[in-house]
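In: please find the sequence and the predicted model below.
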Amino acid sequence: MRFTPCAFPCGYSLVYVTDPMLTRCGQIMAEVCDKFGATLTEFNGDTDHVHLLIHYPPTVQLSTLVNSLKGVSARYLRQEFPDHIQKYLWGNHFWSPSYFAASAGGAPLAIVAEYITNQQRPEPTKESDPATRHRALQNQLPPGPEGPRFL
């Protein structure tokens, strides 16, 4: 069996993940891992990404497992939190097409698991809301060819 820490960013950093969504996402991803003969050892996240520690057999291709984790979780989260997600979804992509996966061979698994466990689940604030953050960034930009809101 192999241990791999992974991180999945939300699409375009505009999807705003809440604590109940993170909880449900962890449940969904644990079920997907189980179907692959893998184990979701640790799971946590923030408003715009999730961290996972996956224990999977060498017969499973990590890219296939990741694609299933992202696809199945996006489908269920869109079904179960449609009003919230629709406010932030851009381009119909819940997850970014990219992901991070690394070998955990150099660090003790307890350290990797502790890192994931200690990820903060911040309470929603005006500053962490992507829509507010985007407007604030636009207001800081100098006027461009189409005025101050050219993004």
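Out: Now that the structure is in, tell me what you want to look at. Because the structure is a prediction, the values reported are computed rather than measured.
In: contacts only, for Y76.
Out: Applying C-beta atoms under 8 Å, 6 or more residues apart in numbering to Y76 gives the contacts R24, I28. C-beta: built from backbone N, CA, C; applies to glycine.
In: and the next helix or strand past the one helix or strand Q79 maps to?
Out: For Q79, the host element (DSSP states H and E) is helix 62-80. As assigned by DSSP H and E, the chain's next helix or strand after helix 62-80 is helix 82-88.
In: and that following helix, what does it pack against?
Out: Secondary-structure packing of helix 82-88 (3 or more C-beta pairs under 8 Å, 6 or more residues apart in numbering; DSSP states H and E): helix 130-140.
In: could you export the helix holding Q79 as CSV, CA atoms only?
Out: What follows is helix 62-80, C-alpha atoms only, in CSV (Å, rounded to 0.1, in the frame of the first residue of the first chain):
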residue,chain,number,x,y,z
LEU,A,62,-3.4,7.6,-8.7
SER,A,63,-4.6,9.7,-11.7
THR,A,64,-7.6,7.4,-12.1
LEU,A,65,-8.4,7.6,-8.4
VAL,A,66,-8.0,11.4,-8.3
ASN,A,67,-10.3,11.8,-11.4
SER,A,68,-12.9,9.8,-9.6
LEU,A,69,-12.6,11.6,-6.4
LYS,A,70,-12.9,15.0,-8.1
GLY,A,71,-15.7,14.0,-10.5
VAL,A,72,-17.9,12.1,-8.0
SER,A,73,-17.5,14.7,-5.3
ALA,A,74,-18.3,17.6,-7.7
ARG,A,75,-21.4,15.9,-8.9
TYR,A,76,-22.8,15.2,-5.4
LEU,A,77,-21.8,18.6,-4.0
ARG,A,78,-23.6,20.3,-6.9
GLN,A,79,-26.7,18.2,-6.3
GLU,A,80,-26.7,18.7,-2.5
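In: brilliant, that's me finished.
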